[in-house]
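K.L.:
fold the following for me, if possible:
(chains A and B, ligands or ions: 2)
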Amino acid sequence: MIKIENLEKIYRTDEVQTKALNNVSLAVNEGEFVAIMGPSGCGKSTLLNILGLLDEPDGGQFAFAGAEVAHASERRRAELRKKHIGFVFQSFNLIEELTVAENVELPLIYLGVGAAERKEKVAAVLEKMQIMHRRNHFPQQLSGGQQQRVAVARAVINSPRLILADEPTGNLDSSNGNEVMELLTELNEGGTTIVMVTHSEHDARYAHRVVRLLDGQVVLENRQPAFSA
Amino acid sequence: MFKNYFLVAYRNLVRHKGFSFLNIAGLALGLTACLLIGLFVHDELQFDKFVPQGDRIFRLYADHFRGDARETAAPVPPMYATTMKQEFPEVEQTMRILMQASNNLVEVGDKKLYVDNSVIADSTFFSMFELPFKYGSAEHALDAPTSIVLAEDVATNFFGKENPVGKEIKVNKQSLLVKGVLRGGLSKFHLPINYVLPLSAAGLPKERMKKWGWHQFFTYVKLRPGTDAQQTQAKLQRYVTQVVNPTLPADDQIKEVTYLQPLHQIHLYSANFKYDMSTKGNITYVKALSFIAVFILLIAGFNFVNLSTAKSLQRAKEVGIRKTIGASREQLMLQFLSETVLLTLVSVVLATVLTALLLPSLNAFTGKTMTFDLLANPALLGLLGLLTVVVGLVAGFYPALVLSGFQPVKVLKSAVVTDGVFGRVQWLRHGLIVVQFALSVFLIVCALVVFRQVSFLHNKDLGFNRDQIMFFPMRGDNMKEHYDAFKNELAQVPGVASASIGYGFPGDQVAGDGIIVPKNGEDKEHGVTQLMVDYDYLKTLGMQLIAGRDFSPALKTDKDQAFILNETAVKELGFGTPEKALGQPLKWKVWNDKNPDSLKVGKVIGVVKDFHYKSLYDRLEPAVLQIFPGAYWKVAVKLKADNIGSSVEGVKQVWAKFSPDSPIEYKFLDDNFDQMYKAEDKLKSLLWLFTGIAIFVGCLGLFGLATYAAERRKKEIGIRKVLGASVGSIVGLLSKEFLVLVLVAAVIAFPAAWLAMNRWLQDFAYRIDMPLWAFLVAGLAAAAVAFLTVGYQAVRAATMNPVSNLRAQ
Ligand SMILES: Nc1ncnc2c1ncn2[C@@H]1O[C@H](COP(=O)(O)OP(=O)(O)O)[C@@H](O)[C@H]1O
Ligand SMILES: [Mg+2]
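P.N.:
Ligands and ions are numbered 1, 2, ... in the order given. Down below sits the predicted model:
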């Protein structure tokens, strides 16, 4: 599903040049659940943003679902994003002016889905995430765990093939964190590919495979049996 | 999708109430000012547009030259119309209106009123101007010398609701029959009309109507369709020099140059015409107001852009999320544009309400009857709709461009988006503030200069004392014949200081004529103003003799052989100094219809200090004062300062003795002068008003930006304070950049304001020097306003508890 080779990303500011990614190669298969780990500043988010077509690499190849997209146009990347990719962030990133239901509905609006169908789908996914009773609340009125469930609901509403999660449990306590991890696992079992950045060894155990980064390079890939804990 | 946009827009509006308020209030206020000015300008431009075939109607006017001075006047001699009708095939119709000097006494039964704005015209008046009739019809309306056509409110005033056609009405004791009543107020017609009389009713001698030198007729021509007016005008000018002049004696040659003025230009383009009965506007002021309207709209629009881009940084995150989810840039632009259009719509609705509320005051102030009825005027509604969309799109375009261009990776990463990331936003914002302030400073300077010039006009020492002088024309043969007795009795009234009868009082009509200076056996004629005075003229007006003596009833020769000059006349007639002028011989062709060749021969007995008997628009002219009872007509009565009321009563009683049939119709002389500057007074008031609005709207924007800047730098301020910065230094930090902008604005505005005001002042023969302090004051005022607006926010930010600011991040 994803295949990157010798990926490079360099940040240039006035004085310094940071090589955020240095010759990173990685393949993720359809249906896989991959965790990316590493110390702060090693390039995890940078990698995830490129995988999510939010950012462009400075070098290397990137094939998404068989198509080369390393230097795709903004329009094409937005297109792929809205059809195939869902995002979950550490800081939830919900729109404060929209209610829970409206936040979740938004991707469908951009996809041009009709109103009736949107309503149905939103109801279904909110049901599934168990926040139906909060549908008309605004994000600020929810707990962190609830907000992240909304974010996940929004990420999956258009049934994306790939979900990218950047430290999804980073702002949550352990019980809320576990709930979110259960959700992701469930989705993965339903066939969705998941790439997740995390600091937590505990969370990483939910994944099929852990990729470790250090200073912009892959230092280790280890396969692990699911639920070895 | 739009539902979602508007939902977000609405919630944003409510959530950021302060910001929304500034945005909407500023734009609404600006739009209101624009709408009011727009209505006014539209109304001014509408004059005479309703007249059928108006594009073929022209008025004659002439430039007269005296030395290198030029004077433009509307009335021309009667022969122009006669000649053009006879000799110019392209002229379809001509019509003359007699220029009159005073109001007429109108009587119906016992009801007596002085009525102004009477039109005495050729019977072709209503085929030239096809005005609507309420009663009667235009055809033959002016054929009989006893005809009269009334304006609607005059008819109502004298006859009530009934149809007055066929009824009798007296004008100056002359009995006439009402032939028709015009419909409506004719508020958009350049001629103010209370009634129309045929020229035949005036009984002018046939001989006089054949004159080429009697400038007494407002003359209109209607050209046939397809005629080139420029060619007709050139032809007329050629005709005068090549055909008419050779038939005239050398002394009576036509020297003025005559032009054709399109009907649609009469109202706005005749501001400098010396004799004109039309309702005058002023294209300069119409243009100035239009500019101000555009200025205010710009300022309000810039506010909008500035506030929106400033706020956009707060919404960067929303943009990031939407993009992550898959929104395209176009969709985001559309979203933000619909938001600004929505905000504009709210502002426009608000402005519409405000305009409707304020229009009555503007009507009262301008004496107009403008309406703002959206339902009755779909075009206006459409215009407002268009305005909403255009202002919304233009003001929203840049913020939308900036917002939709945010990179999700960048904006989602950092908790706060700083200006540093969007340097060009800052640049634009500063540019717009500079323009706003430049416009404000420009307007302040103009307002101050106009204010100074207007008070100069009202307060300049005119060389005579215009206070407490009752002024009125004599009426009835008895009074005119016994003017001496009348005057004596007036002088006896307790509270009357002195009385003077004559023709040629300051602020009233004066006669231009020649004076002959014999020199080396040769007579040289100079054009001067002839003031026909009596022995109490100088005393009554408090004028100052600087050489020689006043006229004296004790000396018999003063009546027939004495002249007094003003200083300007001393110079122009070539006498050098006032002392040298004394005793110089002068000759004057006496106004005497029976004996046109009679001469008055006399000497200069005195010189008066120059005094302004006309408005300060006009340069002082040489004036000759002499005793000439034949022209006596107007009366000036100087009252003592106290008990004015009973003094006026006393004067009225004397009047009633001499002219019991006609009521007295008096004014105070200083009112005549105040009347002259009505346009300037209004300009002054409007300038203050709109300058105020411009500054206020600009400040709203600045306040918003300062709030935003303080908000954005909360953390920085917190850290600085923890490190020991004083409140003063932080206020300075936050205010400095705004003050620099004001300075730049002032530098841009000053030369522009100087040029504009210098040009305006040129219109006045007597004017103030460009007041440099006005520039200083304008600059300081702008800086002060900016400092107060920004400073308030700065102080608030600087005095906040730093710990809470740091924690909030
Ligand atoms: N926009 C940027 N400009 C400059 N440097 C950046 C930018 N984003 C990230 N970096 C740098 O790139 C490196 C990798 O960053 P990031 O991918 O965010 O790390 P992680 O998510 O692993 O903590 C860091 O050194 C960071 O400072
Ligand atoms: Mg990171």
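
K.L.:
every contact and neighbour count from this point should use C-alpha atoms.
P.N.:
Noted.

K.L.:
ok, now how distant is residue B:221 from residue B:59?
P.N.:
Remark: distance between residue B:221 and residue B:59 (C-alpha to C-alpha, to the nearest Å) = 6 Å.

K.L.:
nearest residue to the residue in the stretch 451-600 of chain B that ligand 1 sits nearest to other than its sequence neighbours?
P.N.:
In the stretch 451-600 of chain B, the residue that lies nearest ligand 1 is residue B:451 (57.1 Å; C-alpha to the nearest ligand atom). Among residues not flanking residue B:451 along the chain, residue B:684 sits closest, at 6.0 Å (C-alpha to C-alpha, 6 or more residues apart in numbering or on different chains).

K.L.:
dig out what the residue nearest in space to the middle of chain A forms beta bridges with.
P.N.:
Note on chain A: the residue nearest the mean C-alpha position is residue A:164, at 1.6 Å, using C-alpha atoms, centre = their mean. In this structure, residue A:164 bridges to residue A:87, residue A:195 when assessed by DSSP bridges.

K.L.:
flag the shaky bits of the stretch 351-500 of chain B, pLDDT-wise.
P.N.:
Within the stretch 351-500 of chain B, the segments meeting pLDDT under 70 span B:413-425.

K.L.:
and for chain A?
P.N.:
Applying pLDDT under 70 to chain A flags the ranges A:224-229.

K.L.:
can you give me the helices for it?
P.N.:
Counting by DSSP state H, one finds helices in chain A at the ranges A:44-51, A:74-84, A:100-111, A:115-129, A:144-156, A:174-189, A:201-204.

K.L.:
can you say which of those helices is packed in most?
P.N.:
The highest mean neighbour count among those belongs to helix A:144-156 (a mean of 25), with neighbours defined as mean count of other C-alpha atoms under 10 Å in any protein chain shown.

K.L.:
neighbouring contacts of that one?
P.N.:
Residues external to helix A:144-156 that are found in contact with it (C-alpha atoms under 8 Å, 6 or more residues apart in numbering or on different chains): A:85-89, A:92-94, A:100, A:103-107, A:125-126, A:129, A:131, A:139, A:163, A:168, A:171-172, A:176-177, A:180, B:325.

K.L.:
SS state for residue B:365?
P.N.:
Here residue B:365 takes the helix state, with states given by DSSP: H, G, I helix; E, B strand; the rest coil.

K.L.:
quick check, central residue of chain B?
P.N.:
When chain B is reduced to its mean C-alpha position, the closest residue under C-alpha atoms, centre = their mean turns out to be residue B:679, at 3.2 Å.

K.L.:
and residue B:720, what helix or strand is that in?
P.N.:
Secondary structure here is read from DSSP states H and E; on that basis residue B:720 sits in helix B:714-722.

K.L.:
and that helix, what's buried?
P.N.:
By neighbour count with 16 or more other C-alpha atoms under 10 Å in any protein chain shown, helix B:714-722 contains the buried residues B:714, B:715, B:717, B:718, B:719, B:720, B:721.

K.L.:
so what does it touch, helix or strand wise?
P.N.:
Packed against helix B:714-722, as judged by 3 or more C-alpha pairs under 8 Å, 6 or more residues apart in numbering or on different chains; DSSP states H and E, are the following elements: helix B:772-798, helix B:802-808.

K.L.:
out of those, which gets nearest to chain A?
P.N.:
helix B:802-808 (15.5 Å; C-alpha to the nearest C-alpha).

K.L.:
quick one, phi psi at the residue lying closest to residue B:208 once chain neighbours are set aside?
P.N.:
Leaving out its chain neighbours, the residue that sits closest to residue B:208 by C-alpha to C-alpha, 6+ apart is residue B:214, at 7.8 Å. For residue B:214, the backbone dihedrals (degrees, to the nearest 10) come out as phi -100, psi 90.

K.L.:
how many neighbours does residue B:214 have?
P.N.:
14 (other C-alpha atoms under 10 Å in any protein chain shown).

K.L.:
ok, now which ones touch residue B:10?
P.N.:
Residues counted as contacts of residue B:10 (C-alpha under 8 Å, 6+ apart): none.

K.L.:
that one: helix or strand, and which one exactly?
P.N.:
Once you assign secondary structure using DSSP H and E, residue B:10 falls within helix B:2-15.

K.L.:
up against ligand 1, what does the stretch 451-600 of chain B have?
P.N.:
Near ligand 1, no residue belonging to the stretch 451-600 of chain B is found when assessed by C-alpha under 6 Å from any ligand atom.

K.L.:
now the strands for the stretch 451-600 of chain B?
P.N.:
Ranges of strands within the stretch 451-600 of chain B are B:469-473, B:496-502, B:511-519, B:522-533, B:545-548, B:562-566, B:585-589, B:599-608, based on DSSP state E, counting those that start in this stretch.

K.L.:
next, give phi and psi for residue B:616.
P.N.:
Here the main-chain torsion angles of residue B:616 (degrees, to the nearest 10) amount to phi -80, psi 0.

K.L.:
these two touch, right, it and residue B:761?
P.N.:
No: in this structure residue B:616 lies outside contact range of residue B:761 using C-alpha atoms under 8 Å: 11.3 Å.

K.L.:
more crowded one of these two?
P.N.:
When neighbours are counted by other C-alpha under 10 Å, residue B:616 and residue B:761 differ, and residue B:616 comes out ahead with 21 against 18.

K.L.:
the helices of chain A: which one's closest to residue B:304?
P.N.:
Ranking the helices of chain A by distance to residue B:304, with C-alpha to C-alpha as the measure, places helix A:100-111 first at 27.9 Å.

K.L.:
what about that closest one, distance to the chain center?
P.N.:
Helix A:100-111 sits 17 Å away from the centroid of its parent chain (C-alpha atoms, centre = their mean, to the nearest Å).

K.L.:
okay, now residue 28: neighbour count?
P.N.:
Picked chain A for this. By the criterion of other C-alpha under 10 Å, residue A:28 has 17 neighbours.

K.L.:
if you could check chain B rather than the one you did, that'd help
P.N.:
The number of residues packed near residue B:28 is 28, by other C-alpha under 10 Å.

K.L.:
now the helix holding residue B:10: mean pLDDT?
P.N.:
When pLDDT is averaged along helix B:2-15, the result is 78.

K.L.:
picking that back up, name the helices or strands packed onto the helix or strand containing the residue nearest to residue B:451?
P.N.:
Residue B:684 is part of helix B:678-712, with elements assigned from DSSP H and E. Here helix B:678-712 touches helix B:17-45, helix B:283-312, helix B:423-459, helix B:772-798, going by 3+ C-alpha pairs under 8 Å, 6+ apart.

K.L.:
again, only using 10 Å
P.N.:
With contacts defined as 3 or more C-alpha pairs under 10 Å, 6 or more residues apart in numbering or on different chains; DSSP states H and E, the secondary structure elements packing on helix B:678-712 are helix B:17-45, helix B:283-312, helix B:329-366, helix B:423-459, helix B:714-722, helix B:727-761, helix B:772-798.
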